[in-house]
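Q: Have a look at this fold, sequence not included:
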């Protein structure tokens, strides 16, 4: 009897242990089913150049081609900012391509980060817009002795930027067909001259493979036949929240440039941008801004004889906000004819703004010259001086 009693106790202990393990495994699987959605994407690019110079026309006539690989995360949290943006995906990637004659331009590669914003979804189709930015290398720069016809690239390392508008078509449980039309840009922001840059446009086509990164853990657990979801089930969407607020912002940034006189050398000049602007935040997604600008460009020493390297302007623009980030695009001009003669009739300022706190932000952008040419890269900090909220009408 003692033997049987001990056996029963042992069996009971084993049963409770297995039950607890099974229960914990069920909870683990429940957690796994709602996390770790990943994807791999391979995409090819082709197209033509938007080139306004003369010396590279022959070298660029064959167009361009590239292949890229992306690794990304699919957002799915209904209680976070992603639900207002139809659950974007984001990640990092690697780019490799040819942009013309490799003896003159090299074979560029790039590493970059990206985010994919869904625009709308219809059955198996999902339309998206995808900005990407990073650093490129292995472009062959201008050299006075053996590559003097290259008026597009002045440095081996450059900024990589891509903007794609396209779609994903769901083929099956794991696979999507991706396709679209994109614009790609390489330049160094006038850190070195020449810097007319390379601008390419054309179609892209590829495949996206979805998977759950914790599937391997389940396969090695107690229930190996379980197959986890590779895509989240997204049903909850929120509208953008009304803000109706005004912010007075001050921003200061610096940069490094080179002028035509010192092209091909290591000599560079400092620049400064000072901005005072009023920002109107319509809702959690959309905002507008306008203000005045002070620019100081020491590279104007080659053009200005009296030592006055200051330029004064004004601007207005739109910004798209998500999480702690904003994508800003501003258009501006200058107050005097003297400044417009030096810098052109208008400038653009595409930039990324990162809120470090309720008051302080970091901004990285490009101030252009005479339209779309790079004047300098702006990197600096801003401060929210004041905040004003419009009162909502009470019913």
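A: Alright, I've got the coordinates. What you see is a predicted model, and the numbers here were worked out from it, not measured in a lab.
Q: Low-confidence bits of the stretch 101-250 of the chain, can you list those?
A: Per-residue confidence for the stretch 101-250 of the chain (pLDDT under 70) gives these ranges: 219-225.
Q: Spell out, range by range, the strands that occur in it.
A: With DSSP state E, counting those that start in this stretch, the ranges of strands along the stretch 101-250 of the chain come out as 106-122, 125-139, 158-170, 175-187, 198-212, 242-257.
Q: and residue 362, what element?
A: strand 360-369 (DSSP states H and E).
Q: Could you pull up the mean pLDDT of that strand?
A: Strand 360-369 carries an average pLDDT of 96.
Q: so what secondary structure elements neighbour that strand?
A: Taking 3 or more C-beta pairs under 8 Å, 6 or more residues apart in numbering; DSSP states H and E as the contact definition, the neighbouring helices and strands of strand 360-369 are strand 242-257, strand 347-355, strand 373-389. No exception for glycine: its C-beta is placed from N, CA and C like everyone else's.
Q: of these, which approaches residue 200 most closely?
A: Ranking the helices and strands packed on strand 360-369 by distance to residue 200, with C-beta to C-beta as the measure, places strand 373-389 first at 16.2 Å.
Q: Give me the distance from that closest one to the chain's centre.
A: The chain centre lies 18 Å from the centre of strand 373-389; the measure is C-alpha atoms, centre = their mean, to the nearest Å.
Q: Parallel or antiparallel, which strands does it pair with?
A: Strands that pair with strand 373-389, judged by DSSP bridges, come out as strand 242-257 (antiparallel), strand 360-369 (antiparallel).
Q: re earlier: make TSV out of the helices and strands packed on strand 360-369 and add distance to residue 231.
A: Shown next, in TSV, are these (distance: least, C-beta to C-beta, whole Å):
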stretch	distance to residue 231
strand 242-257	32
strand 347-355	29
strand 373-389	38
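Q: Between these, which one is closest to residue 290.
A: Short answer: strand 242-257, nearest of those by C-beta to C-beta, at 10.8 Å.
Q: Now that closest one: buried residues?
A: Neighbour-count burial for strand 242-257, counted by 16 or more other C-beta atoms under 10 Å, picks out 243, 247, 249, 251, 253, 255-257.
Q: for the helix or strand that that strand is followed by, packing partners?
A: The first helix or strand that comes after strand 242-257 along the chain, using DSSP H and E, is strand 269-283. Applying 3+ C-beta pairs under 8 Å, 6+ apart, one finds that strand 269-283 makes contact with strand 242-257, strand 286-297, strand 310-322, strand 373-389.
Q: Low-confidence ranges, the stretch 251-395 of the chain, go.
A: Of all residues in the stretch 251-395 of the chain, those with pLDDT under 70 make up the ranges 390-395.
Q: picking that back up, which one of the buried residues of strand 242-257 is nearest to residue 175?
A: The shortest separation between residue 175 and any of these is 39.8 Å, and it belongs to residue 243 (by C-beta to C-beta).
Q: and the closest residue to residue 197 other than its chain neighbours, what is it in contact with?
A: Leaving out its chain neighbours, the residue that sits closest to residue 197 by C-beta to C-beta, 6 or more residues apart in numbering is residue 187, at 3.4 Å. With contacts taken as C-beta atoms under 8 Å, 6 or more residues apart in numbering, residue 187 has the following neighbours: 153, 158-159, 195-198, 374.
Q: let's see it at 10 Å
A: Contacts were defined as C-beta atoms under 10 Å, 6 or more residues apart in numbering; by that measure residue 187 touches 136, 139, 152-155, 158-161, 195-199, 366, 373-374, 377.
Q: hang on, the earlier thing: buried residues of the strand holding residue 362, list them for me.
A: Across strand 360-369, burial judged by 16+ other C-beta under 10 Å covers 361, 363, 365-369.
Q: got it, and stretch 39-55?
A: In terms of neighbour count (16+ other C-beta under 10 Å), stretch 39-55 has its buried residues at 39, 41, 43, 45, 47, 49, 51.
Q: Then stretch 156-174?
A: For stretch 156-174, the buried set under the neighbour-count rule, 16+ other C-beta under 10 Å, comprises 158-162, 164, 166-168, 170.
Q: what's the spacing between the nearest residue to residue 280 once chain neighbours are set aside and residue 116?
A: The spatially closest residue to residue 280, leaving aside those adjacent along the chain, is residue 288, at 4.9 Å (C-beta to C-beta, 6+ apart). Between residue 288 and residue 116 the computed distance is 25 Å (C-beta to C-beta, to the nearest Å).
Q: Tell me which of those two has more neighbours.
A: Comparing residue 288 with residue 116 by neighbour count (other C-beta atoms under 10 Å), the higher total belongs to residue 116, at 26 against 14.
Q: what's across from that one in the sheet?
A: Counting by DSSP bridges, residue 116 forms beta bridges with residue 89.
Q: mind listing what it touches?
A: Going by C-beta under 10 Å, 6+ apart, the list of residues near residue 116 reads 39, 41, 70, 72, 74-75, 87-91, 126, 128-132, 164, 166, 168, 178, 208.
Q: What's the PyMOL syntax to select whichever of the residues you listed are buried?
A: Per 16+ other C-beta under 10 Å, the buried members of the contacts of residue 116 correspond to this PyMOL selection:
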select buried, resi 39+41+70+72+74+75+87+88+89+90+91+126+128+129+130+131+132+164+166+168+178+208
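Q: circling back to that earlier point, roughly how far is the strand holding residue 362 from the heart of the chain?
A: That offset, for strand 360-369, works out to 14 Å (C-alpha atoms, centre = their mean).
Q: what number of residues lie near the nearest residue to residue 277 once chain neighbours are set aside?
A: Once its chain neighbours are removed from consideration, residue 277 has its nearest residue in residue 291; the separation is 2.7 Å (C-beta to C-beta, 6+ apart). Applying other C-beta under 10 Å, we find 20 other residues in the vicinity of residue 291.
Q: partners of residue 291 in the sheet?
A: In this structure, residue 291 has beta-bridge partners residue 277, residue 315, where bridges are defined by DSSP bridges.
Q: Show the contacting residues for the nearest residue to residue 192 once chain neighbours are set aside.
A: Among residues not flanking residue 192 along the chain, residue 154 sits closest, at 3.7 Å (C-beta to C-beta, 6+ apart). Contacts here follow C-beta under 10 Å, 6+ apart; on that basis residue 154 touches 139, 141-143, 187-188, 190-197, 258, 263-264.
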